[in-house]
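J.: pasting a predicted model and its sequence here:
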Amino acid sequence: MSTIDTHNAGQHAHHEGSYLTPHGGALATIWNWATTIDHKKIGVMYLFAIMFMFFLGGVAALGVRAELWEPTRVVTQVVEGETVTSYTGQVLVNLAPIVPGVESEGGVSAGMNIYNRAFSLHGIIMTFMVIVPSVPASLGNFFLPLMLGAKDVAFPRLNLMSWYIYVFGSIFAVAAVVMGGVDTGWTFYTPYSTMTDADHLRVVFVILAAFILGFSSILTGLNFIVTVHKLRAPGMGWFDMPLFVWAMYATAIIQVLATPVIGITLLLLIFERVFHVGIFDPRMGGDPVLYQHFFWFYSHPVVYVMIIPAFGIINEIIPVHARKKLFGYRAMAFATLGIAAVSFLVWGHHMFTASGELAAMIFSALTFLVAIPTAIKVFNWVATLYKGSIAFNTPMLYALSFLFMFTIGGLTGLPLATLATDLHLHDSYFVVAHFHYVMMGGTIIAFVGGIHHWWPKMFGKLYNERWAIFGCVLVFIGFNLTFFTQFILGTRGMPRRYASYPDEFQFLHQLSTIGSWILGIGFVVHLGVFVHSLVAGRKAPENPWGGLSLEWETESPPIEHNFHHEPIVKHGPYDFDTVQPPHTDPAEFPMPEPLRAGERTH
Amino acid sequence: MNPFLGLFESARAATFPAQQGPVARFIFGRDPQEAAYSAGVEGLFMFIFWISTFVFIGLMALSFYWAVKYRRRPGVAPPRSPSHNTALEITWTIIPSIVFISLFFVGFRVYAKQVIAPSDAVRLDLIGYRWGWNLYYPGGVTSTETLPPGTISASSVPVFMFPEDTPILLEMSSQDVIHSFWVPDFRSKMDLFPNRSTSFWFRTSKLQPGDMDNPDLGYPNKEHILYCAEYCGDQHSQMLGLIRVVPREVYENFLRNPWPEGISLVEKGKLLHSLRGCNACHSLDGSSGTGPTWLNWYGYEHRYTDGSTHLADADFTRESIYYPGRKIRSGYQNVMNSYLGQINEEEMRALIAFMRSISDQGGDPTAGFPDEEEETGGN
């Protein structure tokens, strides 16, 4: 029943340290990490870089929510001879010194200027620097080779290069922020993005940053595709792969195919801004809708780059913590590939209010196609819970939170795919709430769940379960309070990207802002749990949850070359009904009665 | 001719029942305007909402029930259970597919009503710019009323009158970047582009004696807030408008005499300052915005980016409004659009009179235009 080929263990066993073992002094260790080609170290470096960017983007989000506490912060018009007080700059006071012209302009532009830059900063960081790379670059890098039973990814040096490209691109973006930030929104819609801040290079810098980050994405994707094709352990067929690997594979295909399109588009945008070549700006003979087509031709598939890895994580968490064979493995694998394929055909649904009626009709119909495989996935997850043995620990609670929030996110996509209702809801808070339920309630929640699930494996330390559950509950409450209110704001008529709003929306905005504080505290609790675990956590066993995929075979943390011997796969990743998980005590993880002759489970 | 127009026309005939339950009122707030399609949009949304609620509660109840029922008990093995069931999996693929396909068709039918205007609709032109709206009525008449700052927005908001019980078709375009015309009460929106025309239609409701959104007016009226829904820069959130549906005779009277009776040239200029969007960039209190303030502008000499200085007199004012790119004030960028052809002679005089009235070098604004008249003789 063991996965590892042990009959010649004696001949090949050699003692090797954990990948975390320091090499010499502090400087030598830093040099070792900076030049490492070990996928695990690169994954960990990505993880910390992404967490740092998540913190930056989160601070911007809290600032945005704080500004919206009051309906009208910025009033400088003369009312009957006296100037109404302005609260400008109070909330984001630390941003004020770096936003050019705030001091000199004062008044009407200043507060909105800060607000517009803060929401753009939030969107750009969270999209390009957090959600797109989040799961593949960190957990994917760490666990894809482990789950395949490989020693590393196919191109380890390319992998290190992609990390440096990510850092280089992020530095460009942060430089633009230090120079004063941009107010284009993360979508860089033309002609606004070619006109704003015309005397500055900030916008060019941010666009360049997104362009550079794209290469990091492409290289990681390429690496994963080749790794999955070539480095599967002996005995592992395509349908013996864990679904997390399937998810990484589907994601990688989208990354490699779609990212070049945004690269070219962003270059054209820079050409237009810097050299005044008319492509998108009508004053120079261009067409702004062309930009939207180019942009969404990448950015819609990329929505699935963001969410498919989350599906992969949930596919691991639910079976392991429910001790239950995943329901409908093949349907899951095909649904993942199906979503990836259809994702290229639906970009036009971002332009129902901009394009012709016929195009809108076709894209609406195609959009509903994506909903079908997504629905199948949700049904499969729920069915997996049936007759399981469900542990209420942090990863499982996050997986259940994911089910709750992702289902809301998916269902609220229906009125947005439906033509008539989208015309009302487009560019309103309903859309904001919808994509936060998918991107944050889906991807980030699954990501945090995945970090907890694999934390003992990555760092060899257990975390404090009680405090982590407390953090999870805070995040769940905070998230829903922040974003559920925004659905109602949207249907009632609150447009997105507004620094001020009529008084009638204030109550719901304040609820949302309070929610953002709870959400923030929840993440701080998690940060504390992680730091505590690294400093004082108990040593983790090899297989704390009783998982069956290959990463649980090796030590916690894994040794430098992952496995002492090349594993040979003899069972599927979810065969909890027939296989005793490695390194587990049968008393703690008992097996069901063996099948009687002729009996079938399905 | 669009070959698919017939398809749209046939779809338009269908209606979707409007729902007016308390849940719908909680979700949408105000009642939908009778725009011939608004109630249909709301009804369709509620239809999707109830399906979604049913599915969501079902899935969550099942998950919660199973998660608790099959919670882990130390030392107890999970029972055997299937991990695959072809019939079940085919069922839960086909049923959602049918629901989604039906949603598409129903959505398309209501959409057809939203995008095809009746042929007898009154056509008006709407131009969006950073940061305001200009609505052109027949005969070149434009709005002459604003809500004062602080009513629904920090800036003043233009009021656009429409006759009751009339289909209106707006032909829209933008002067600069992309904007989007959204009146939540109409439950629909459409983008405005700088390089093409788009259109938006709605039917104003038939006023009842009790419709008194603004009780000060003395006649029945309904008011709807207009938002710009496509991000367009600094004051995107101040780009509002107020749509006021009024009795037909009030509307016709407005078309004949757009300006309030007995309004002075200076007052008219002050109104134009906010109606034409000058207020977005030019303050009246001395603070510097995207453009220079109008306070103490007239009658003073200012320095320009080409190094020259110029006296701000009536002719220079006229040139700056019609050809804003010719002389650019030091410390500012040229972002202003030309108002040539959009501001007529009477309005120009009103603007100049207003500028003079808020400058201590403006002289007596009611005393005519001596400097301008001299120049006119020379032309």
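T.: Structure's in. What do you need? Numbers count the residues shown, from 1 in each chain, chains lettered A, B, ... in the order given.
J.: and residue 119, which of the three is it?
T.: All of this is about chain A. Put simply, residue A:119 is helix when judged by DSSP: H, G, I helix; E, B strand; the rest coil.
J.: can you pull out the low-pLDDT segments for the chain?
T.: Using chain A here. By pLDDT under 70, the low-scoring segments of chain A are A:1-15, A:72-111, A:594-602.
J.: not what I meant, chain B
T.: Low-confidence regions of chain B, defined by pLDDT under 70, span residues B:1-20, B:34-35, B:364-379.
J.: can you name the residue of it nearest chain A?
T.: Residue nearest to chain A within chain B (C-beta to the nearest C-beta): residue B:184, separated by 2.7 Å. Every residue, glycine included, has its C-beta placed from N, CA and C.
J.: buried ones in stretch A:353-361?
T.: Within stretch A:353-361, the residues that qualify as buried are A:353-355, A:357, A:360-361, counting by 16 or more other C-beta atoms under 10 Å in any protein chain shown.
J.: in chain B, which spans are helices?
T.: Shown for chain B, the helices assigned by DSSP state H span residues B:5-12, B:22-28, B:38-69, B:86-115, B:248-256, B:265-275, B:314-322, B:345-357, B:370-378.
J.: next, format the ones you listed as TSV and append distance to residue A:211 and mean neighbour count.
T.: Listed next are those as TSV, based on distance: least, C-beta to C-beta, whole Å; neighbours: other C-beta atoms under 10 Å in any protein chain shown:
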stretch	distance to residue A:211	mean neighbour count
helix B:5-12	40	14
helix B:22-28	41	15
helix B:38-69	38	18
helix B:86-115	36	18
helix B:248-256	53	13
helix B:265-275	42	21
helix B:314-322	40	18
helix B:345-357	45	21
helix B:370-378	54	11
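J.: looking at the buried residues of stretch A:353-361, which is nearest residue A:216?
T.: Taking C-beta to C-beta as the measure, residue A:216 sits nearest to residue A:354 out of the buried residues of stretch A:353-361, at 30.7 Å.
J.: how about the secondary structure of the closest one?
T.: Applying three-state DSSP to residue A:354 yields a three-state assignment of coil.
J.: distance of it from residue B:178?
T.: 8 Å (C-beta to C-beta, to the nearest Å).
J.: need the overlap of contacts for those two.
T.: When contacts are counted by C-beta atoms under 8 Å, 6 or more residues apart in numbering or on different chains, residue A:354 and residue B:178 are jointly contacted by B:191, B:193.
J.: ok so, going back, which residues touch the residue of chain B closest to chain A?
T.: A:424, A:428, A:492-493, B:30, B:224-225, B:227.
J.: can you tell me how far residue B:118 sits from residue B:168?
T.: Relative to residue B:168, and taking C-beta to C-beta, residue B:118 is found at 10 Å.
J.: the host helix or strand of residue A:516: how far from the chain's middle?
T.: Here residue A:516 sits within helix A:506-536, counting by DSSP states H and E. The gap between where helix A:506-536 is centred and where its chain is centred comes out at 18 Å by C-alpha atoms, centre = their mean, to the nearest Å.
J.: and stretch A:539-554, end to end?
T.: Across its full length, stretch A:539-554 reaches 15 Å between end residues, using C-alpha to C-alpha, to the nearest Å.
J.: any idea which helix or strand carries the closest residue to residue A:20 other than its chain neighbours?
T.: Once its chain neighbours are removed from consideration, residue A:20 has its nearest residue in residue A:557; the separation is 5.3 Å (C-beta to C-beta, 6 or more residues apart in numbering or on different chains). Assignment of secondary structure by DSSP H and E places residue A:557 within no helix or strand.
J.: wait, residue A:557 touches residue A:16, no?
T.: No: if you go by C-beta atoms under 8 Å, residue A:557 and residue A:16 don't touch, sitting 11.8 Å apart.
J.: near chain A, anything from stretch B:72-80?
T.: Yes: Stretch B:72-80 reaches chain A (C-beta under 8 Å from any C-beta of the partner chain) through B:72-80.
J.: how about the contacts made by the spatially closest residue to residue A:166 that is not a sequence neighbour?
T.: Using C-beta to C-beta, 6+ apart and skipping the chain neighbours, the partner closest in space to residue A:166 is residue A:216 (4.2 Å). When contacts are counted by C-beta under 8 Å, 6+ apart, residue A:216 touches A:133, A:137, A:162-163, A:165-166, A:169.
J.: what's the burial count for residue A:146?
T.: When neighbours are defined as other C-beta atoms under 10 Å in any protein chain shown, residue A:146 has 25 of them.
J.: contacting residues around it?
T.: Counting by C-beta under 8 Å, 6+ apart, residue A:146 makes contact with A:550-551, A:554, A:558, A:562.
J.: and the residues you listed, which is closest to residue B:323?
T.: Sorting these by how near they are to residue B:323, with C-beta to C-beta, puts residue A:551 at the top with 70.0 Å.
J.: max pairwise distance over the residues of stretch B:72-80 next to chain A: which two?
T.: With distances taken as C-beta to C-beta, the most widely separated pair in those is B:74 and B:80, at 19.5 Å.
J.: let's have the contacts of residue A:216 in CSV, adding secondary structure.
T.: Converted to CSV, the contacts of residue A:216 look like this (three-state DSSP):
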residue, secondary structure
A:133, helix
A:137, helix
A:162, helix
A:163, helix
A:165, helix
A:166, helix
A:169, helix
